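*Asks:* Got a predicted structure plus its sequence, pasted below:
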Amino acid sequence: MSNTEVLPAELNCPGGEPGSGAVEVLTAREVPLGGPRAMTVRRTLPQRKRSLIGAWCFADHYGPDEVNAGAAMDVPPHPHTGLQTATWLFAGEVEHRDSLGTHAIVRPGELNLMTGGHGICHSEVSTPGTTRLHGVQLWIALPDAHRHTNRAFHHHTPSAIDLGGATARVFLGSLAGETSPVPTSTPLLGAEIVLDAHARITLAVEPVHEHGVLVDTGRVVMAGTGLARADLGYLAAGATSLELANPDGAPARVLLLGGAPFAEDIVMWWNFVARSHDEIVAFREAWERESDQFGRIEGYTGSPRRLPAPALPNARITPRRRG
């Protein structure tokens, strides 16, 4: 998904931020994507309190939205650099096209992972039969050694595994003996977990990873801390296990995100992940002049033909230094 904010902020996201050892609760802010009838998403990453969880650098959570109420998705071709996009749906279908030549339908319970690397463009349109959209769009920052890699696209449908009181679908990394075949440039974990009513589970997790739990439906208690719908609970590296509990009489669904702390500082603006303000300026200029850096998409019939880049902020951003 594109970050289609009219005035996107340029953000410097310091890597390797330490955690407190307790669960931090990150509340979402609502972001309208475009005009008054466009989708509104709940954004939990990045924010001032915390920029990354592992290499996960962006999390938009949306729906359930009734498409006939004006929440259809129609995002024209737009660029990405220095990142991977991970799309995970709970309801609805989205047609994906990219400059690799990929034409795929994104369905619930199926991972679509697109690597932007040096440059890619793609479009996303909800299918005609979709009446409700509900899902998450996640971005993964690529480390310096891989951020100029070639474009790529991976599709994976994980099986449901029984956790005893919950089921999980592991779409990236490893959890509970299940490993996704999708390659990543840094150690990562991504899984959907549905907890039964009044269930409590304890998961063995990598102690070198930091972890986040994004609540989609219901309420969840993460390592003793309550999380409401749309909250993102953060736990710093060092834990060998993670306890999740559902206090209610209906199932609760969460996304579990994890990864080794990302040591590099990144700069994010619009749909670009970079290392400096000057790189952002160069990427924007390349997109506006229709550079081959991003390629072309065949088959998109919407309007506009391609999404124009917003104006750059007036201020020049400089990396923050850790003490």
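*Replies:* Arrived safely, thanks for sending. Residues are numbered from 1 along each chain as shown.
*Asks:* Could you report the neighbour count for residue 223?
*Replies:* 17 (other Cβ atoms under 10 Å). Every residue, glycine included, has its C-beta placed from N, CA and C.
*Asks:* Likewise for residue 296?
*Replies:* 12.
*Asks:* Next, it: secondary structure please.
*Replies:* Three-state assignment for residue 296 (DSSP: H, G, I helix; E, B strand; the rest coil): coil.
*Asks:* before we move on, what about residue 281?
*Replies:* Applying three-state DSSP: residue 281 is helix.
*Asks:* Could you measure from the residue nearest to it when sequence neighbours are not counted over to residue 202?
*Replies:* In space, and not counting its chain neighbours, residue 281 is closest to residue 312: 6.6 Å by Cβ to Cβ, 6 or more residues apart in numbering. Computed with Cβ to Cβ, to the nearest Å, the distance linking residue 312 and residue 202 is 48 Å.
*Asks:* Would you mark the buried spots in stretch 73-85?
*Replies:* 73, 75-85 (16 or more other Cβ atoms under 10 Å).
*Asks:* If you could redo that for stretch 192-210, that was the one I meant.
*Replies:* Those would be 192-196, 199, 201, 203, 205-206, 209-210, for stretch 192-210 by 16+ other Cβ under 10 Å.
*Asks:* Nearest spatial neighbour of residue 114, chain-adjacent residues omitted?
*Replies:* In this structure, residue 114 finds its nearest non-sequential neighbour in residue 85, 4.7 Å apart by Cβ to Cβ, 6+ apart.
*Asks:* you'd agree that neighbour is up against residue 111?
*Replies:* No - the criterion here is Cβ atoms under 8 Å, and residue 85 misses it with residue 111 at 10.7 Å.
*Asks:* Number of residues surrounding the residue nearest to residue 178 when sequence neighbours are not counted?
*Replies:* Excluding the flanking residues, the one nearest residue 178 by Cβ to Cβ, 6+ apart is residue 170, at 4.4 Å. By other Cβ under 10 Å, 24 other residues sit near residue 170.
*Asks:* Can you spell out which helices and strands pack onto the helix or strand residue 170 falls within?
*Replies:* Using DSSP states H and E, residue 170 sits in strand 166-172. When contacts are defined as 3 or more Cβ pairs under 8 Å, 6 or more residues apart in numbering; DSSP states H and E, strand 166-172 packs onto strand 83-91, strand 111-115, strand 160-162, strand 178-179, strand 188-195.
*Asks:* pLDDT weak spots in the stretch 1-150 of the chain?
*Replies:* 1-7, 9-11, 16-21, 33-38, 69-71 (pLDDT under 70).
*Asks:* ok so, going back, how close does the residue nearest to residue 281 get to residue 293?
*Replies:* Distance from residue 312 to residue 293, by Cβ to Cβ: 18 Å.
*Asks:* sorry, back to before: farthest pair within the buried residues of stretch 73-85?
*Replies:* Comparing all pairs in these by Cβ to Cβ, the longest separation belongs to 73 and 82, at 23.7 Å.
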